[in-house]
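**Q** No sequence on hand, only this structure:
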Ligand SMILES: *Cc1c(COP(=O)(O)O)cnc(C)c1O
């Protein structure tokens, strides 16, 4: 790894397992897979990529001037463009192939959405523009809000949260406000074992104590265990439906009734709403608050963690506490953005404000374009096709991959497998890394925690049967290699620009300096992380 080629770059591409008669290249690149160093390593230091005029006047004497060189890469425009284009080619994307991340729902983003989002009237609005000049944008927010309320059968929606987890916080703050308004001080939130990590984290962040509810052997919430935990301290429960085992919670109404009878509220994690949109209305199941990840159910890009949008639909009981700002229609039918609470009039019980401005205009326009272009019947078909595709994956692989809940009937929109049956020493990680060699982004691994070595595969509705068969063939081959103990799987990926990185070390101690210099004693160098 420490050897450098003639250009001084680390020839990590050369680490790919090639037979000894494969010639090494001078550049260190192989075919059209290009190795890419850091921009700092491209040799631009000490030069300037653009021609700058000499300043016409002398620098102001009272300004502190930098004496030392900035030490930034002084790349020219073509060098910069190529650097980022080469990097982008190492990225896997939904526009390249299937992205089977269970729970995260990586959907194709229709180009129609992109076109609409780029209309200048939406793309160029400024949050401080006078309201009268953005009535079209307010109309989009209001129409999307109407659709979300209708599709979920709820009373109101808070549009401003920026992601699913942010929506969870919004919902729990509404619950806290409602409990305080009753003059009570309930401080416990119940969360099932199979929940997404954001659920307990949000509850703790909102100041609640988290207590866990066990799952049944069928992978569902244990209703009896939940009932035993209910009491005067319980503010509410957070339940994901469909849950993160890819199963519908059939006892949701009974759960909600029990929680309400004990004076609590029901938060539903609606990240998996894409499996039931048009089929089930959470409002009919007794839900009080639910976030909808627009970027999961209604396409819209996830964009490396943002910008997303996580509107929260609310029941009649929680609607008065929704955050500001929100869009409302006055008596003359004019849309208006309510920015401040006014005692007695505008939303006096709001718990406050979570964001500086209203929301993610680009996501709202994309989601509304998706909804309108599909229509109510099209959205229902989206859910049905997503479920059909997941069941096809589940049934096509259950002879080689253990499906822990396969016998409880069909799954919803994602298929869950475990590592049971792999040869001694072989793990879910080996299969995931092997998928990279096969040209696929790996599925979600080691989540949910209720299953050993979980593999959560979500194909989404847009994958064709031919595409699914190709993916299934790859996963089948990897499962067979893991079962038979094929040693070469341990060192996968063999054909990726990098091999097995120490991902935990990289996440816990990110290296934010170049040249592999440790930023502080004890921090790993780039070479240490990459050298595994
Ligand atoms: C994605 C997801 C979340 C978090 O949503 P973000 O938009 O990533 O914050 C919460 N719960 C479940 C079940 C999810 O799949």
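**A** Arrived safely. Note that the coordinates shown come from a computational prediction; the quantities given were computed from them, not determined experimentally. Numbers count the residues shown, from 1 in each chain.

**Q** residues making contact with the helix or strand harbouring residue 150?
**A** If you go by DSSP states H and E, residue 150 is part of helix 135-152. Helix 135-152 is touched from outside by 121-122, 125, 131, 154-157, 159, 270, 273, 277-278, 281-283, 287, 290, 292, 311, 313, 327, 329, 335-337, 358-359, 361, 364-365, 367-368, 371, 379, with contacts defined as C-beta atoms under 8 Å, 6 or more residues apart in numbering. Placement of C-beta: from N, CA and C, glycine included.

**Q** mind redoing it with 6 Å?
**A** In this structure, residues lying in contact with helix 135-152 by C-beta atoms under 6 Å, 6 or more residues apart in numbering are 121, 125, 157, 159, 277, 281-283, 311, 313, 327, 335, 364-365, 368, 371.

**Q** What distance do you get for residue 329 to residue 134?
**A** Noted for residue 329: a distance of 15 Å to residue 134, by C-beta to C-beta, to the nearest Å.

**Q** swap that for residue 34, please
**A** According to C-beta to C-beta, residue 34 stands 44 Å off from residue 134.

**Q** Who has more neighbours out of the two?
**A** residue 134 (21 against 17; other C-beta atoms under 10 Å).

**Q** Which residue is the nearest non-sequential neighbour of the more buried one?
**A** residue 125 (5.2 Å; C-beta to C-beta, 6 or more residues apart in numbering).

**Q** The one you found: neighbouring residues, count only.
**A** Using other C-beta under 10 Å as the criterion, residue 125 is surrounded by 15 other residues.

**Q** Over to residue 216?
**A** 13.

**Q** got a list of what it touches?
**A** Residue 216 makes contacts with residue 222, as judged by C-beta under 6 Å, 6+ apart.

**Q** rewinding a little: the residue nearest to residue 134 contacts residue 133, correct?
**A** No - between residue 125 and residue 133 no contact is recorded; they are 8.3 Å apart, counting by C-beta atoms under 6 Å.

**Q** pLDDT at residue 191, what is it?
**A** The predicted local confidence for residue 191 comes out at a pLDDT of 97.

**Q** so where's the stretch 151-300 of the chain uncertain?
**A** In the prediction, the stretch 151-300 of the chain carries no residues with pLDDT under 70.

**Q** which parts of it sit against the ligand?
**A** With the criterion set to C-beta under 6 Å from any ligand atom, the stretch 151-300 of the chain comes near the ligand through 163-165, 196, 198, 240, 244, 269, 271, 293.

**Q** Go again with 5 Å.
**A** If contacts are counted using C-beta under 5 Å from any ligand atom, the residues of the stretch 151-300 of the chain sitting beside the ligand are 163-165, 196, 198, 240, 269, 271, 293.

**Q** hmm, back to that, buried only: go through the contacts of helix 135-152 for me.
**A** Buried members of the contacts of helix 135-152, scored by 16 or more other C-beta atoms under 10 Å, are 157, 159, 277, 281-283, 311, 313, 327, 335, 364-365, 368, 371.

**Q** Just these: which are in helices?
**A** 364-365, 368, 371 (DSSP state H).

**Q** can you put those in CSV and add distance to the ligand and pLDDT?
**A** As requested, those are exported to CSV (distance: C-beta to the nearest ligand atom, whole Å; pLDDT from 0 to 100):
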residue, distance to the ligand, pLDDT
364, 15, 95
365, 18, 95
368, 18, 98
371, 18, 98
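
**Q** mind giving me the domain ranges of the chain?
**A** In the assignment given by automatic domain parsing, the structural domains of the chain cover 1-35, 111-367, 384-498, 499-532.

**Q** So which of the ones you listed is nearest residue 85?
**A** Ranking those by proximity to residue 85 (C-beta to C-beta) places domain 1-35 first, at 9.4 Å.

**Q** Do I have it right that residue 49 meets residue 78?
**A** No - with contact defined as C-beta under 6 Å, residue 49 does not reach residue 78; the gap is 9.3 Å.

**Q** Now for the closest residue to residue 421 other than its chain neighbours: which residues touch it?
**A** Take residue 421 and drop its neighbours on the chain: the residue closest to it by C-beta to C-beta, 6+ apart is residue 402, 5.3 Å away. For residue 402, the contacting residues are 418, 420-421, taking C-beta under 6 Å, 6+ apart as the criterion.
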